[in-house]
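**Q** generate coordinates for the sequence data below:
(one chain, ligands or ions: 1)
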Amino acid sequence: MEKQEELQQRKLGKGRLLLFPLPFQGHINPMLQLANILHSKGFNITIIHTSFNSPNISSYPHFTFENISEDSPTGCTDLLGNVNNIILLVKLINEVCFDPFRDCVKKLISNSSAEDPIRCLISDALLYFTQAVADLVKLPRIVLRTSSLFSFHVFHSLPLLLQKGYLSMEDSESETPVLEVPPLKIKDVLLTFKNGGEAQSEMLSKIISETKEASGIIWNSFQELEQSILPTIQQEFPIPNFTIGPFHKYFTASASSLLAQDQTALSWLDMQAPLSVLYVSFGSIAAIDKTEFFEMAWGLANSKQKFLWVVRPGVIRGSEWLEPFPAGLLDAVSERGHIVKWAPQQEVLAHPATACFWSHCGWNSTLESICEGVPMICSPSFGDQLTNARYVEAVWKVGLVLENGIKREEITKAIRRVMIDQEGKEMKMRMSCLKEKVNFCLTKGGSSNKSLDSLVSFILTF
Ligand code: UDP
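**A** Just a heads-up that it's a prediction; the model follows:
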């Protein structure tokens, strides 16, 4: 009898989950990976999404999709590339999505059946308005935090940092350590918070308070990577915390890529010697100005190393793509490098030719580099990138930060330090240790594997 019930249960699945990603590449990827992970555990999946940056539905025939058809947050794409605009955009998304999202969830609940009950909502931490909707329709909400535990701790610490006066400190003190959030320096805190002003503190305060109201938090991180900060997080967010990452080790990010990934990146890497190539990419949102772009190009050319460079259309402020490149410099760069608009990043990092990753230190990029054992050069510009970069350099000691912005001499020196010097070999060894820890945490009985089992049991209590 028991067996028959079990069989029946397996046929029906464990119920349905509603997942709602923030519509940015670095947030869509982990949410859709999480959807695949939970689907593989027997849950049915409905992805609720915006019209803005809507996901690639054809890659997920096993999911149901619901477009909330929000009124477009005016000129969305023009708002990217600058921290104040990103804050504005996140705020707008939280405002314009409220009504259509609420109506969508209500409709899904009223159409749901006893055989396929909706267990809970899983939404991005930055979609703070979804907590009020979840409360309204009496659906438990679990938050997905797509970045590190440490970065959320730093966000949580903003009121304290403000109270201690760190945000009004002079630039001359920029190298001073901030004892409340080690290993950050004053300049990291200033870059993370100062430009965002009031709007950013208000937004972070909502993100933090609405996360505390949720039933639990899922982290795309793993215990061994952020062991020391875990007890603090558990105190700050006294709800169940599930560290089940890195998600992309279960399912790759390629299926959820919003831009076409140029496969010539891989065929070009196939022609290069092992551990000879620097991979350069600043992710889907960060932008640089023309001067920085020239400095990058000269730094790369002068390093005399091979490089694969993702120049995303729009990454250079005020330019469509490569027009600012003077022809002479383009020739010099082309001798050693290959430029693409968007790459299959995970495969690039896993390629035997890739030796180093010069990154903006978005959390997905950082995790993807760790998982492939590739040391990093860090050029963070806003948000969690500063905290991620400082961990890369000072805690895991698997890379270095370009401390003075993007300057050609410093770039060339950094490339040599990581790709040629003994220092770089030591970084590579430490990265390889982290890579082993990743593999271990995902195996049966490993920390992420156990945490995922707890998450599944937790969801089944709803
Ligand atoms: N990515 C990619 N191709 C590229 C550059 C990035 O597929 O050429 C992917 C990368 O693998 C990662 C995501 O885009 O999963 C970027 O997320 P991240 O958190 O690193 O940065 P963000 O774009 O959010 O700043």
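**Q** residue 147 and residue 265, how far apart?
**A** Distance of residue 147 to residue 265, given as CB to CB, to the nearest Å: 25 Å. For every residue, glycine as well, the C-beta is placed using N, CA and C.
**Q** the more surrounded of those two?
**A** A side-by-side neighbour count of residue 147 and residue 265, using other CB atoms under 10 Å, places residue 147 first with 26 against 23.
**Q** list the contacts for that one?
**A** 220, 363, 384, 388 (CB atoms under 8 Å, 6 or more residues apart in numbering).
**Q** relative to the ligand, which of these is nearest.
**A** Ranked by distance to the ligand (CB to the nearest ligand atom), these are led by residue 363 at 4.8 Å.
**Q** so that closest one sits against residue 384, correct?
**A** Yes. Using CB atoms under 8 Å, residue 363 is in contact with residue 384, at 6.0 Å.
**Q** who touches both of the two?
**A** Residues touching both residue 363 and residue 384 (CB under 8 Å, 6+ apart): 147-148, 151.
**Q** the stretch 151-300 of the chain: helices as residue ranges?
**A** With DSSP state H, counting those that start in this stretch as the definition, the stretch 151-300 of the chain shows helices at residue ranges 158-163, 186-193, 197-212, 230-236, 264-270, 290-303.
**Q** quickly compare those and say which is most buried.
**A** With neighbours taken as mean count of other CB atoms under 10 Å, those reach their highest mean count in helix 186-193, at a mean of 22.
**Q** which residues are contacting it?
**A** 154, 158, 161, 166-167, 169, 171, 173-178, 181, 200-201, 380-384, 386-387, 390.
**Q** stretch 411-426 too?
**A** If you take CB under 8 Å, 6+ apart as the criterion, stretch 411-426 is touched by 278, 295-296, 298-300, 302-303, 305, 355-356, 358, 375-377, 397, 399-400, 402, 427.
**Q** which residues does the closest residue to residue 241 other than its chain neighbours contact?
**A** Among residues not flanking residue 241 along the chain, residue 217 sits closest, at 5.1 Å (CB to CB, 6 or more residues apart in numbering). By CB under 8 Å, 6+ apart, the contact set of residue 217 is 125, 142-145, 211, 237, 239-242.
**Q** what's the closest of the contacts of residue 147 to residue 92?
**A** Relative to residue 92, the closest of these is residue 384; by CB to CB it sits at 20.4 Å.
**Q** that older thread, do you know which of the helices of the stretch 151-300 of the chain lies nearest the ligand?
**A** With CB to the nearest ligand atom as the measure, helix 264-270 is the member of those nearest the ligand (8.0 Å).
**Q** packing partners for that closest one?
**A** Under the contact criterion of 3 or more CB pairs under 8 Å, 6 or more residues apart in numbering; DSSP states H and E, helix 264-270 touches strand 306-310, strand 337-340, helix 345-350.
**Q** CSV for the ones you listed, including mean neighbour count?
**A** Converted to CSV, the helices and strands packed on helix 264-270 look like this (neighbours: other CB atoms under 10 Å):
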stretch, mean neighbour count
strand 306-310, 22
strand 337-340, 20
helix 345-350, 21
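**Q** okay, these in CSV with mean pLDDT and distance to the ligand next?
**A** Shown next, in CSV, are the helices and strands packed on helix 264-270 (pLDDT from 0 to 100; distance: least, CB to the nearest ligand atom, whole Å):
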stretch, mean pLDDT, distance to the ligand
strand 306-310, 97, 4
strand 337-340, 95, 7
helix 345-350, 98, 3
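**Q** let me know how buried the residue lying closest to residue 370 once chain neighbours are set aside is, in neighbour terms.
**A** Nearest residue to residue 370 in three dimensions, chain neighbours excluded: residue 434, at 5.1 Å (CB to CB, 6+ apart). Residue 434 is flanked by 17 other residues according to other CB under 10 Å.
**Q** ok but residue 434 is inside a helix, no?
**A** Yes. Counting by DSSP: H, G, I helix; E, B strand; the rest coil, residue 434 is found in a helix.
**Q** isn't it right up against residue 367?
**A** No. If you go by CB under 8 Å, residue 434 and residue 367 don't touch, sitting 10.1 Å apart.
**Q** now do the same contact list for residue 127.
**A** With CB under 8 Å, 6+ apart, residue 127 has these contacts: 20, 22, 93-94, 97.
**Q** again, only using 7 Å
**A** Contacts here follow CB atoms under 7 Å, 6 or more residues apart in numbering; on that basis residue 127 touches 20, 22, 94.
**Q** of these - the most surrounded one?
**A** Greatest neighbour count in the contacts of residue 127, by other CB under 10 Å, goes to residue 20: 26 neighbours.
**Q** remind me which residues of the protein are low pLDDT?
**A** 1-12, 72-84 (pLDDT under 70).
**Q** what does it put close to the ligand?
**A** Counting by CB under 6 Å from any ligand atom, the positions of the chain adjacent to the ligand are 24-26, 29, 253, 257, 261, 281, 283-286, 310, 342-343, 345-346, 362-365, 368.
**Q** which of those fall in strands?
**A** Within those, residues falling in strands by DSSP state E are 281, 310.
**Q** just the buried subset of the residues of the chain next to the ligand, written out for ChimeraX, thanks.
**A** Remark: buried members of the residues of the chain next to the ligand, expressed as a ChimeraX selection using 16 or more other CB atoms under 10 Å:
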select :24,25,26,29,253,257,261,281,283,284,285,286,310,342,343,345,346,362,363,364,365,368
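**Q** which among the shared contacts of residue 363 and residue 384 gets closest to the ligand?
**A** Looking across those and measuring by CB to the nearest ligand atom, the closest to the ligand is residue 147, at 7.5 Å.
**Q** got the phi/psi numbers for that closest one?
**A** Here is the backbone geometry of residue 147 (degrees, to the nearest 10): phi -120, psi -170.
**Q** that concludes my questions; thank you for your assistance.
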